[in-house]
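*Asks:* predicted model, plus sequence, below.
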Amino acid sequence: MTHILLRGRDIPDIWKYDVYVENGGYEAFKKALSLEPKAVIDEVKASNLRGRGGAGFPTGVKWGFIPQSEPVKYVAVNADESETGTFKDREILETNPHQLIEGALICAWAIQATAVYIYLRGEFWDVAHELDKRIEEARRAGFVGQNIQGTGWSCEVYTHLGAGAYICGEESALLNSLEGKLGQPRVRPPFPAQKGGGLYGEPTVVNNVETLANVPWIITNGAAEYKKIGTEQSAGTKIFCVSGHVAKPGNYELPMGVTLRELLYEHAGGVPGGKAMKAILPSGGSGPIIPATDAVLDTPLTYEDMSKIGSILGSASIIVMDETVDITWVAAKVTKFFKHESCGKCTPCREGTYWLDKVLDRIMAGQAQVSDIELIDNVAKNMQGVTLCALGDFAANPIIYTIKNFRDDFMQHVQKADIKPASKARQAAPAGD
Amino acid sequence: MALSDKKYSQRIEAAFAKYPDKRSAVMPLLYLAQEEYGWVSPEGIQEVADLCDMDPTQVQSIAGFYTMYSEKPKGKYWLQVCTDLACALRGADEFYEELKAELGVEDGGTTEDGLFTVEHVMCLAACDKAPMLQCNFHFMENLDMDKMRAWIAEKRAEAAKAKK
């Protein structure tokens, strides 16, 4: 198929302004400017486009929350892409940046925003500096700045570089970080769309890069055409980031509803070396891990079907593990990530990740007992639903679902354990990250 | 040697122009302080605080929160190796161990010649190109130790040449 988002695969130089325009670039924005802002929101609502950052919230509905009576409103583009296994937004930003800028501008027109801030993770240093040049090209063409295309409406577009913190991909932490505060989540309500809850207290739409990159296509071709792609509840294409034990890791943009089997075997080339596939993390480190059974592999990749098998579509960053992988090691690895990335604001997440890491080190060192498996399961379950943002739940998932689905892997560590007195075991555990 | 140097004035102005308040410029200005001093030194923190009308303690807390601001001096080449799950499945842990051994340093350490600082970091969004690292914020991808040994030798030769 031809791509909607990864058009750099079909037209290699589409990152260049001239090439983008030759291929219909900024026509969707011009069309949007000829429509009432509300009509643009209605079209996006009708398309069933859902947030591609992971939560899957309906995009048009989110835009519709913005109170039009407020004079100052913002669009914040979430380009903090930090979930383990996710690298889709980076390809859009590198190979098709004008489409993201155009999508963000259409959103800005729809909510009558005064400025767009594109928040990029600090590690996208080179990407951000290139993006600044692309924004300048759009400005020179009259798509950014004062009195855009003679409409009387003015809107600026800026990039902002983070500096290495997973939590800043959480929308309220992102806004705090932009404001020069610690990147920690806020108490909600008020939500970002509401007065008092957004950037500088003004109503703000926060959308993921991939989400906004869909918008020009929807405005050009119409919501009805968009809904023909994918399934009824999961419209459009999705970029699936495939990593781990596959022959051809990379991004694959495919219609939603493709099965895991087709994605992982036909597109990503299957597991190298003739090994069997053991486990799949369908949504990066934070989503529930699932065994690679036939039933799982035949599941269509949609929001609705992935939840039926006890996992989520999320950001669709699919990490594949072959039969040689010890799932206890996976739990320990991912827990180190969340321990490092917990912002420290909420006690259950800050302390929970610390102790999960400690006990997992003990299990990995062969110095734990069966009761330690119950202990971490209990700690993880006590982190769920009690923190300001989802990171507490994300950090609990790698424990709860690895134990639920791969308990034997844990048992192997504790059964062969040479149990030492607790005090010695504690000394033997590494100090942590 | 300070952010008051005119080589920074345009970039400081551009940072302030982006936001409706001064405080929001703290992150871009911390990057400039790091460029000037090689790390976010106490002088740099103070200068950023003065520019943003913030308390130095607040600026220090921002600097400490993020991994890309270095709170200690580091080598000319700051190598941050991703050893997260997706990279580790493609050999990043072994790569990182070999790299440390090659340079003779521990995690977070700097080589005696002051050229290389090595540490491991969390996911850098290049999972399909592992093993990978970022060197002074630029990505190096699809690595192996042969490539790294050649690269290290090249950087050492450049440094030796510059000394002469």
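*Replies:* Received the coordinates, thanks. Numbering: from 1, shown residues only, chains lettered A, B, ... in the order given.
*Asks:* could you check how many residues crowd around A:E374?
*Replies:* 11 (other C-beta atoms under 10 Å in any protein chain shown). Bear in mind the C-beta positions are built from the backbone N, C-alpha and C, glycine included.
*Asks:* how far away is it from A:N397?
*Replies:* Distance of A:E374 to A:N397, given as C-beta to C-beta, to the nearest Å: 17 Å.
*Asks:* what of B:H120?
*Replies:* 23 Å.
*Asks:* higher neighbour count, these two?
*Replies:* Neighbours per residue (other C-beta under 10 Å) separate B:H120 from A:N397, with A:N397 holding more: 25 against 21.
*Asks:* the more buried one touches A:G287, doesn't it?
*Replies:* Yes. The pair A:N397 / A:G287 is scored as a contact, 6.4 Å apart, by C-beta atoms under 8 Å.
*Asks:* which SS class is the residue sitting furthest away from the middle of chain B?
*Replies:* In terms of distance from the mean C-alpha position of chain B, B:P20 ranks first, at 28.2 Å (C-alpha atoms, centre = their mean). Three-state assignment for B:P20 (DSSP: H, G, I helix; E, B strand; the rest coil): coil.
*Asks:* mind listing what it touches?
*Replies:* A:Y200 (C-beta atoms under 8 Å, 6 or more residues apart in numbering or on different chains).
*Asks:* one more: A:Y119?
*Replies:* A:76-80, A:160, A:162, A:168, A:174, A:177-178.
*Asks:* just A:I111 next, same as before
*Replies:* Applying C-beta under 8 Å, 6+ apart to A:I111 gives the contacts A:37, A:41, A:63, A:66, A:68, A:73, A:75, A:203, A:205.
*Asks:* any chance of TSV for those residues, columns neighbour count?
*Replies:* Listed next are these as TSV, based on neighbours: other C-beta atoms under 10 Å in any protein chain shown:
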residue	neighbour count
A:P37	20
A:I41	23
A:W63	24
A:I66	27
A:Q68	12
A:K73	23
A:V75	30
A:P203	25
A:V205	28
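*Asks:* where is pLDDT lowest across the residues you listed?
*Replies:* When the contacts of A:I111 are compared on pLDDT, A:Q68 comes out lowest, with 92.
*Asks:* what's the biggest helix in the chain, counting residues?
*Replies:* Going with chain A. helix A:347-364 (DSSP state H).
*Asks:* can you look at chain B instead?
*Replies:* For chain B, the helix with the greatest residue count under DSSP H is helix B:145-163.
*Asks:* please spell out which residues along that helix are buried.
*Replies:* Buried residues in helix B:145-163, counted by 16 or more other C-beta atoms under 10 Å in any protein chain shown: B:148, B:152.
*Asks:* now do stretch A:311-328
*Replies:* So, applying 16+ other C-beta under 10 Å, buried residues of stretch A:311-328: A:311-322, A:325-328.
*Asks:* swap in stretch A:20-27?
*Replies:* So, applying 16+ other C-beta under 10 Å, buried residues of stretch A:20-27: A:20, A:25-26.
*Asks:* just those residues: which are in helices?
*Replies:* Per DSSP H, the subset of these in helices is A:Y20.
*Asks:* am I right that A:V320 is in a strand?
*Replies:* Yes. A:V320 sits within a strand when classified using three-state DSSP.
*Asks:* next, the nearest residue in space to it that is not next to it in sequence: phi, psi?
*Replies:* Leaving out its chain neighbours, the residue that sits closest to A:V320 by C-beta to C-beta, 6 or more residues apart in numbering or on different chains is A:G244, at 4.1 Å. As for A:G244, its main-chain torsions (degrees, to the nearest 10) stand at phi 90, psi -140.
*Asks:* then A:S317?
*Replies:* phi -100, psi 100.
*Asks:* how about A:L161?
*Replies:* phi -90, psi 130.
*Asks:* pLDDT value on it, please?
*Replies:* Residue-level confidence at A:L161 comes out at 97, pLDDT.
*Asks:* domain-wise, how is chain B divided?
*Replies:* Following automatic domain parsing, chain B resolves into domains at B:2-65, B:77-163.
*Asks:* so where's chain A shaky on pLDDT?
*Replies:* Within chain A, the stretches with pLDDT under 70 are A:1, A:416-433.
*Asks:* residue closest to the middle of it?
*Replies:* Chain A, centroid-nearest residue using C-alpha atoms, centre = their mean: A:G53 at 3.4 Å.
*Asks:* distance of that residue relative to chain B?
*Replies:* To chain B, A:G53 is 13 Å away according to C-beta to the nearest C-beta, to the nearest Å.
*Asks:* not counting its neighbours along the chain, what's nearest that residue?
*Replies:* A:N208 (3.4 Å).
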